[in-house]
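In: need a 3D model of the following:
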Amino acid sequence: MSISPEELSKFDIDYIQSGLKAKEFSSEELVSAYLQAIENDQTNAFISINEQAIQAARRADREIAAGSANGLTGVPIAVKDIILVKGMPTTAAAHILENYQSNFTATAVARLQEKGMIILGKTNCDEFAMGSSNENSYFGSVLNPHDHTRVPGGSSGGSAAAVAANLAPVALGTDTGGSIRQPASFCGVVGVKPTYGRVSRFGSMAMTSSLDQIGPLAKTVKDAALILKAMSGVDDKDATTSRQPISNYLLSLEHEDPKKLKIGIPKEYFSDKIDAEVKQAIENKIKFLTDQGFEVREVNLPNTEYALAAYYLLMPAEVSSNLARFDGLLYGLSADKNMTLDQWYKQVRSTGFGAEAKRRIMLGTYILSAGYYDAYYKRAQKLRTLIKQDFQKVFKEVDVLLTPATPTTAFKLGEKIDDPLQMYLSDIFTVSANVAGICGLVLPIGQDKNNLPIGMQLLADAFQEEKLFVLGNFIANNH
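Out: Numbers count the residues shown, from 1 in each chain. This is a model prediction of the structure:
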């Protein structure tokens with residue numbers, strides 16, 4: 001059969017699995033339909049396409065016919081172009097890596113491939129994951145599928161746009177300070193930032209090693225849960241991965257009573273910085289949960305107001321260290337071999353990095369320099385401990401925190417690109433989860449007067465993703 005672009009809107013993982021099993025369509029037909037949709041797309045969500053996708057789909061169809069398929073065999077997925085896939089370009093949306101081809105695959109992607117998933121291609125993002133709008137890509141801005149004059153959010157804007165525009169049923173992103181959750185909110189999809197250590201970071205280009213996590217973007221909470229479980233777990237190649245047990249999230253969605261969960265509303269997240277329509281939508285959802293019999297109470301996170309400042313000290317400090325390896329000597333953009341080493345570095349790094357990457361490298365170098373390390377970086381680390389303690393205290397009282405995801409809905413292209421401080425404020429409600437190492441989920445709960453999605457954030461303690469999925473699934477199914 002031929003699958004039309006309009007039909008792809010109903011293709012979540014459940015629908016795909018049942019259709020493949022019933023032979024209503026093949027994986028090859030499905031992958032072909034997505035590749036055609038990507039080719040015709042106007043959002044600039046993809047940087048490159050997997051030339052082996054059709055071949056992989058044919059192999060999946062043979063496995064399905066032979067009865068040897070895994071649970072996710074034949075299901076397509078898109079991957080943010082900061083996560084390595086062997087034999088495919090991995091550019092980090094940067095000029096300095098424009099022609100780089102990866103020679104190995106990230107653990108998270110390899111685990112999904114082992115389950116039979118098919119990579120459609122690599123999605124656009126802010127350069128080296130640095131941004132909140134996806135306007136910092138060397139390959140051009142991604143456009144919000146709901147309104148092409150607006151941003152999709154960043155840095156995983158390409159992955160969020162791909163799911164929202166029906167270019168992929170699910171996608172992988174990375175979240176350092178909200179880079180999955182913020183674009184999920186702007187594009188009206190589900191996005192999950194796992195607990196730090198839940199998913200291996202091996203094969204994901206590090207921006208801020210102590211904050212980064214790979215996570216899923218999907219159409220449904222159930223799909224996000226399925227993908228997260230499939231790629232989670234300890235990895236000998238990443239010493240930061242945890243041996244904490246992984247729940248069977250799908251069983252929890254079927255059998256756990258969501259009303260057993262106590263919900264906390266942190267008053268610090270409901271300030272005058274929130275757009276009135278966003279605030280009203282969140283308050284309506286809180287009232288709905290209260291009316292449904294949930295225990296909802298106000299809680300305090302007193303150090304929340306300092307989280308953004310701490311993040312924008314810790315993050316650039318690690319950026320300046322992590323990006324030092326990109327010098328063109330072994331791979332990536334190179335220069336004239338007759339240059340001196342100083343000339344080489346100046347040429348490669350001045351032309352290879354974009355404005356935001358340079359800004360963060362310079363800021364991070366300053367923060368870590370002699371005389372300023374104690375004044376800035378060390379104090380930010382102390383504040384990080386206080387923020388963690390705030391969450392530890394609150395999670396003794398409640399199971400899940402409910403907050404806005406972003407202060408506004410998607411803003412206009414170019415609106416904040418020349419004002420970095422205003423751009424950084426886009427992450428005000430998401431950075432705390434990364435600083436504290438806890439998990440978070442964003443799901444759509446409505447639209448504003450411009451028909452732009454409004455997202456809501458749920459936060460839970462470390463390795464308690466199950467609670468996010470149970471409550472998120474209840475909210476999504478009782479929208």
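In: Asn136 is in contact with Gly158, isn't it?
Out: No - judged on C-beta atoms under 8 Å, Asn136 makes no contact with Gly158 at a distance of 12.0 Å. For glycine as for every other residue, the C-beta is placed from the backbone atoms N, C-alpha and C.
In: the more surrounded of these two?
Out: Gly158 (34 against 25; other C-beta atoms under 10 Å).
In: which elements pack onto the strand or helix carrying the more buried one?
Out: In the assignment (DSSP states H and E), Gly158 maps to helix 157-164. In terms of contacts (3 or more C-beta pairs under 8 Å, 6 or more residues apart in numbering; DSSP states H and E), helix 157-164 is packed against strand 46-49, strand 76-80, strand 118-123, strand 170-175, helix 181-187, strand 213-218.
In: quick check: the closest residue to Ser426 other than its chain neighbours vs Leu413, distance?
Out: Residue nearest to Ser426 in three dimensions, not counting chain neighbours: Ser132, with 4.1 Å by C-beta to C-beta, 6 or more residues apart in numbering. Distance of Ser132 to Leu413, computed by C-beta to C-beta, to the nearest Å: 13 Å.
In: more neighbours, the two?
Out: Between Ser132 and Leu413, counting by other C-beta under 10 Å, Ser132 is the more crowded of the two (30 against 20).
In: show me the contacts for that one.
Out: Ser132 sits next to 126, 153-155, 178-179, 182, 416, 423-424, 426-427 when contact means C-beta atoms under 8 Å, 6 or more residues apart in numbering.
In: low-confidence ranges in the stretch 1-150 of the chain?
Out: Along the stretch 1-150 of the chain, the model assigns pLDDT under 70 to residues 1.
In: so which residues of it form helices?
Out: Ranges of helices within the stretch 1-150 of the chain are 13-21, 27-40, 53-66, 107-114, based on DSSP state H, counting those that start in this stretch.
In: could I get the full set of helices for the stretch 251-400 of the chain?
Out: Taking DSSP H, counting those that start in this stretch as the criterion, the stretch 251-400 of the chain carries its helices at 276-291, 307-322, 341-352, 355-368, 379-394.
In: for the ones you listed, give me CSV that also has mean pLDDT.
Out: What follows is those, written out as CSV (pLDDT from 0 to 100):
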stretch, mean pLDDT
helix 276-291, 97
helix 307-322, 94
helix 341-352, 93
helix 355-368, 95
helix 379-394, 97
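In: adding distance to Asp235 and mean neighbour count, write these out as CSV.
Out: CSV is the format used below for the helices of the stretch 251-400 of the chain (distance: least, C-beta to C-beta, whole Å; neighbours: other C-beta atoms under 10 Å):
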stretch, distance to Asp235, mean neighbour count
helix 276-291, 36, 16
helix 307-322, 19, 22
helix 341-352, 30, 14
helix 355-368, 27, 19
helix 379-394, 24, 17
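In: now those as JSON lines including distance to Val435?
Out: Below are those laid out as JSON lines (distance: least, C-beta to C-beta, whole Å):
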{"stretch": "helix 276-291", "distance to Val435": "22"}
{"stretch": "helix 307-322", "distance to Val435": "6"}
{"stretch": "helix 341-352", "distance to Val435": "28"}
{"stretch": "helix 355-368", "distance to Val435": "16"}
{"stretch": "helix 379-394", "distance to Val435": "5"}
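In: so for Lys237, which of these sits nearest?
Out: Smallest distance to Lys237 across the helices of the stretch 251-400 of the chain (C-beta to C-beta): 17.0 Å, for helix 307-322.
In: how close does Lys337 sit to Val348?
Out: In terms of C-beta to C-beta, Lys337 sits 12 Å off from Val348.
In: assumed Gln457 was part of a strand.
Out: Yes - counting by DSSP: H, G, I helix; E, B strand; the rest coil, Gln457 is found in a strand.
In: so who does it touch?
Out: 181, 185, 402-405, 429-430, 440-442.
In: circling back: where's the dip in pLDDT among the contacts of Ser132?
Out: The lowest pLDDT within the contacts of Ser132 belongs to Tyr424, with 82.
In: which one is that one nearest to, not counting chain neighbours?
Out: Tyr312 (6.1 Å).
In: what's the distance between the one you found and Lys80?
Out: On the measure of C-beta to C-beta, Tyr312 and Lys80 end up 22 Å apart.
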